[in-house]
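Enquirer: no FASTA, just this:
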């Protein structure tokens, strides 16, 4: 059996699994995007209760999977809950959109220091300031650049080059920001 590993990262998605468990996706600097099975995470007095909310920065101890990409989460400790994100619906929507963009262009288990740093800065910004169309556009341009499509222009065209669909949340976010005139909705 392999030794447990640790990583620090952001919770970017949570899916219920059964009555008390969760499937949790995290973005880490050391190991890239990881998927964890968090057994008993929804139990009222379980050891993972309250540690796996969206956009929390945490330290995770996990047992690597023998096969596949679903690792078993052993322990989690909240480093920063990023509660400032919750001050506005638009900020939460922007954080979710940024997470979806990162997931769309990355592979599981591949270290991504540039993408991780960009996401961490975006979460910090959203925790302190209200999201603007300019901030969304800047994040999109940096993601395009990190994906190696620096000259691809706008995000819809770049995603078409990658044969990816633009996350549907983009249209909702742009409407929330009053930017329904932006192409690619």
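Expert: Perfect, I can see it now. Nothing here was measured: the structure is a model prediction, and the numbers come from that model. Numbers count the residues shown, from 1 in each chain.
Enquirer: Next secondary structure after the one helix or strand in the chain whose mean pLDDT sits lowest?
Expert: None of the helices or strands of the chain scores lower by mean pLDDT, DSSP states H and E than helix 155-161, at a mean of 73. The helix or strand immediately downstream of helix 155-161 is helix 169-176, counting by DSSP states H and E.
Enquirer: Just the buried residues of that following helix, please?
Expert: Neighbour counts over helix 169-176 (16 or more other C-beta atoms under 10 Å) mark 169-171, 173-174, 176 as buried. For the C-beta atoms, the positions are set from N, CA and C on the backbone; glycine is no exception.
Enquirer: Do a quick rundown of the strands in the protein.
Expert: Secondary structure of the chain (DSSP state E): strands located at 5-17, 21-28, 32-38, 57-63, 70-80.
Enquirer: chain center to the last one: distance?
Expert: Pointing back at strand 70-80 there. In terms of C-alpha atoms, centre = their mean, to the nearest Å, the centre of strand 70-80 is found 15 Å from the chain centre.
Enquirer: Next, the angle strand 32-38 makes with that strand.
Expert: Orientation of strand 70-80 against strand 32-38 (axes from the mean of the first three to the mean of the last three C-alpha atoms, to 10 degrees) gives an angle of 100 degrees.
Enquirer: So which elements touch strand 70-80?
Expert: Applying 3 or more C-beta pairs under 8 Å, 6 or more residues apart in numbering; DSSP states H and E, one finds that strand 70-80 contacts strand 32-38, strand 57-63.
Enquirer: closest one to residue 164 among those strands?
Expert: Closest approach to residue 164 among the helices and strands packed on strand 70-80 (C-beta to C-beta): strand 32-38, 15.0 Å.
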